[in-house]
Each structure stands twice: as structure tokens, then as C-alpha cells.
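Asks: Provide a 3D model corresponding to the input given below.
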Amino acid sequence: MKFKNYFLFLFIGSVITVWTQTPIEAQNLLELASKQMESYENIEFEFSYTLNNRTEQINQESSGKVTIAEDKYKLKFLDGIQLFDGKVLYTIVPENEEITITQANDDEDFGINPKELLKFHKKGYDYHWDISQRVMGKNIQFVKLIPTKEDGDIVSLLLGIDTQKNHLYKLIEVGENGTVTTLTINQIKVDGSLPENFFVFNQDDYPNYYINN
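Replies: Numbering: from 1, shown residues only. Now for the predicted structure:
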């Protein structure tokens, strides 16, 4: 078989594979990953985050780390810390020596919101099986989500799932204004030993900080 015919055969085969997967299978894959990650007592991951808009010539790159246990989390991102103890959200900005205290909003749209990261996809989207990629020895299967409502700011989402461990690997959001944001999980740890007060806010740790509530 000639090389060009061989590669054409592989391409057609991969396209047929994508087309034969149903929305139900795409949804089931996300549910499987969601249940797997929610099954851990706690989960910690380091991530990279990029925001790109070619029209506006914007390209921003940053990184962070988040630890999640049930509905609590601690997020270190953009030189700040967000601590959610299950009821109250503390946003700590060391550069300004300021702390903002707010009640969490369950209807908040997904941004960098760890509380929603594992379950935001469960309503308001149509599911489509997308491409599969091999990344650093991992098989990453992407599922494309299209919002069912046209009045939002999101055009589509791509979720990449590590099919061996059923872990979320990447999320790509395409906005109506052309902005593409990408979150990539670079390292993940599960069921680690956490101090008892890990998610407890202690005002004594931040002397002279202005508290805004």
C-alpha cells in the first residue's frame, strides 16, 4: 500500500470513528470523569491558564494551583488566594493587603470556579464527540459542548478527558467576542493528607489587611 493511501485510510477511519459516537456516549464520558474526580476525598491540581483574542491582540498566560474537598476549595491564582469554606468565600490579595468576604453564588458561571469545574456541564449543553489526541502518553478524548441557549457569551466548550484515569485534562472555552480561554491540568494529586484547618480562614494570618464585606 502506498504511503499516501495508507494515511488517507487512517484519516477516513478516524473521521468515521468520530461520527459513529453518539451524544449519549459523549455525555456518559463526561459523567464518568465527573464521578471519578468527585469520588476522591480531596484533589489537588496545578494548572496553566491562557487567554487569547487575536482581534484585540491579547495573549495572557498564567498558572495556579487548587485544592478541592467536597464543596470546599483553596485556589491560588493571579497573585491572589480564594478560600471557600463551604459557605463563605474569602478573596485575599496580598499586593493590596485586602480581603473581600462574600457569600458564594451557586448560579455563578464557570470561570476559574473550582466548585463548578466538575459539574458545570451537567445542564444547558448539547454534547458532541470530538477529536482524540495522544498527549505525553495519555489518550485525551475531547467532547464538544454547545450551549442550548443563544443568549449567553459562550459559543462552545471543549473538554479533554484522560480516558485511562477518567480525569479532566483540558478545558477550552470559545467566547462570542473571539476570546479563547484554555485551562490545562499539568499535575494532579488525589486523597492527600490535609491539615484539619486547611479550609478555615484565620484573620490573624493577615494582620493590617483591610477587610471588605
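Asks: For the protein, which segments are assigned as helices?
Replies: Secondary structure of the chain (DSSP state H): helices at 3-20, 23-38, 114-117.
Asks: mean pLDDT for these: which is lowest?
Replies: Least confident of those, judged by mean pLDDT, is helix 3-20 with a mean of 39.
Asks: any idea how far I101 is from L32?
Replies: With distances taken as C-beta to C-beta, to the nearest Å, L32 is found 37 Å from I101. The way it works is simple: take the backbone N, C-alpha and C, and place the C-beta from them, glycine included.
Asks: cool, and E38?
Replies: To I101, E38 is 27 Å away according to C-beta to C-beta.
Asks: Check H128 too.
Replies: Counting by C-beta to C-beta - H128 and I101 are separated by 40 Å.
Asks: so how many other residues sit close to the residue nearest to F142 when sequence neighbours are not counted?
Replies: Among residues not flanking F142 along the chain, D130 sits closest, at 4.0 Å (C-beta to C-beta, 6 or more residues apart in numbering). Neighbour count for D130, taken as other C-beta atoms under 10 Å: 18.
Asks: Kindly report the same for L51.
Replies: For L51, the count of nearby residues is 15 (other C-beta under 10 Å).
Asks: Okay, and the beta partners of it?
Replies: Taking DSSP bridges as the rule, L51 bridges to Q60, T181.
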